[in-house]
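1. how would this look folded up:
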Amino acid sequence: MKPISYAYHQFSPSIIQHAVWLYLRFNLSLRDVEDLMAERGIDVSYETVRRWVARFGTAYAKRLRARRPKADDRWHLDEMFVTIGGQRMYLWRAVDAEGEVLDVLVQPRRDKKAAVKLLRRLLKKQGVVPTSITTDKLKSYGAAIRELRLRHVHVTGGRSNNRAENSHQPTRRRERCWIGFKRPGTTQRFLSAHAAVHNAFNIQRHLISRRHMKIHRAAAFSQWRVIAGVA
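-> Residues are numbered from 1 along each chain as shown. Presented below is the predicted three-dimensional model:
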């Protein structure tokens with residue numbers, strides 16, 4: 001990949017990457033990020049932060065995904081409705097058995113066509129046929145999985161899909177912070193970048209010791225600085 005260019009920007013790359021990280025990592029508004037930067041003596045407007053996120057967020061996310069270890073081949077799929085610009089749409093999400101977000105897809109419908117599109121994207125990006133695909137009992141999943149000849153790995157029923165359902169929580173928190181999403185394209189780009197950052201910094205501290213948690217956190221910060229080109 002080509003290195004990220006910060007040419008013609010008034011602020012240093014370290015300031016830009018920190019502002020983008022704050023916005024993608026935490027449930028903050030653009031004005032919240034502006035205030036946090038001001039507290040550190042950096043006078044930058046919220047509109048500038050928005051432009052930084054739009055310009056660099058996707059590039060950072062792409063590099064983070066390229067450096068992630070191979071995901072688990074047990075997939076969990078789920079969808080939820082979101083209101084975007086006053087219109088009801090659906091956010092389809094796929095995670096692996098460890099909670100790693102594999103893909104998110106904003107679609108206007110909750111039908112077979114949308115399910116097939118998500119599955120095709122997953123198969124292309126992951127490059128493997130999963131050992132299991134866990135979903136709820138929505139008929140669109142069954143139809144899509146039959147079309148792609150993956151019926152032998154399809155799992156439904158009980159609480160087997162809690163992993164995917166719980167993965168929607170960060171999106172709901174962001175939706176409340178924004179007081180709703182505004183445009184489908186902007187929502188898709190943001191949630192894709194947000195998922196990549198969430199994967200990198202989502203350290204399940206309740207499963208590991210404090211010492212190992214500090215090691216994983218330091219590695220995540222080091223990786224972030226490298227992909228942002230400020231290491």
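2. need the pLDDT of Val226.
-> pLDDT recorded at Val226 is 89.
3. name all residues that make contact with Ala61.
-> With contacts defined as CB atoms under 8 Å, 6 or more residues apart in numbering, the neighbours of Ala61 are 192-193, 195-197. (Glycine included, C-beta is placed from N, CA and C.)
4. which stretches of this structure form strands?
-> In the chain, the segments counted as strands under DSSP state E are 74-84, 87-96, 101-107, 132-134, 154-155.
5. save these as a markdown table, and put in mean neighbour count too.
-> Formatted as a markdown table, the strands of the chain follow (neighbours: other CB atoms under 10 Å):
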| stretch | mean neighbour count |
| --- | --- |
| strand 74-84 | 20 |
| strand 87-96 | 19 |
| strand 101-107 | 21 |
| strand 132-134 | 21 |
| strand 154-155 | 15 |
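6. between those, which one is closest to Ala219.
-> Nearest of those to Ala219, taken as CB to CB: strand 101-107 at 18.7 Å.
7. local confidence estimate at the nearest residue to Arg65 once chain neighbours are set aside?
-> Excluding the flanking residues, the one nearest Arg65 by CB to CB, 6 or more residues apart in numbering is Ala196, at 5.3 Å. With respect to pLDDT, Ala196 scores 92.
8. with Gly158 instead?
-> Note for Gly158: predicted pLDDT of 72.
9. count of residues packed around it?
-> The tally of other residues near Gly158 (other CB atoms under 10 Å) stands at 7.
10. now Gly99
-> There are 16 residues near Gly99, going by other CB under 10 Å.
11. could you do Val33 as well?
-> Neighbours around Val33, by other CB under 10 Å: 24.
12. correct me, but the residue nearest to Arg65 touches Ala59?
-> No. With contact defined as CB atoms under 8 Å, Ala196 and Ala59 do not form a contacting pair (10.6 Å).
13. neighbour count: the two, which is higher?
-> Legend: neighbour count by other CB under 10 Å for Ala196 and Ala59, higher for Ala196 (24 against 18).
14. for that one, which residues are in contact?
-> So Ala196 contacts 60-62, 64-65, 101 (CB under 8 Å, 6+ apart).
15. do that again at 7 Å, thanks
-> Contacts for Ala196 (CB atoms under 7 Å, 6 or more residues apart in numbering) come out as 61, 64-65.
16. by mean pLDDT, flag the weakest helix or strand of the chain.
-> Sorting the helices and strands of the chain by mean pLDDT, DSSP states H and E puts helix 162-166 at the bottom, at a mean of 81.
17. got the CA positions of that helix in CSV?
-> Presented in CSV, the C-alpha positions along helix 162-166 are these (Å, rounded to 0.1, in the frame of the first residue of the first chain):
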residue,chain,number,x,y,z
ASN,A,162,-26.1,-14.0,20.7
ARG,A,163,-22.6,-13.2,19.5
ALA,A,164,-23.9,-11.3,16.5
GLU,A,165,-26.9,-9.7,18.3
ASN,A,166,-24.6,-8.3,21.0
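18. same for that helix, what does it pack against?
-> If you count contacts as 3 or more CB pairs under 7 Å, 6 or more residues apart in numbering; DSSP states H and E, helix 162-166 packs onto strand 74-84, strand 87-96.
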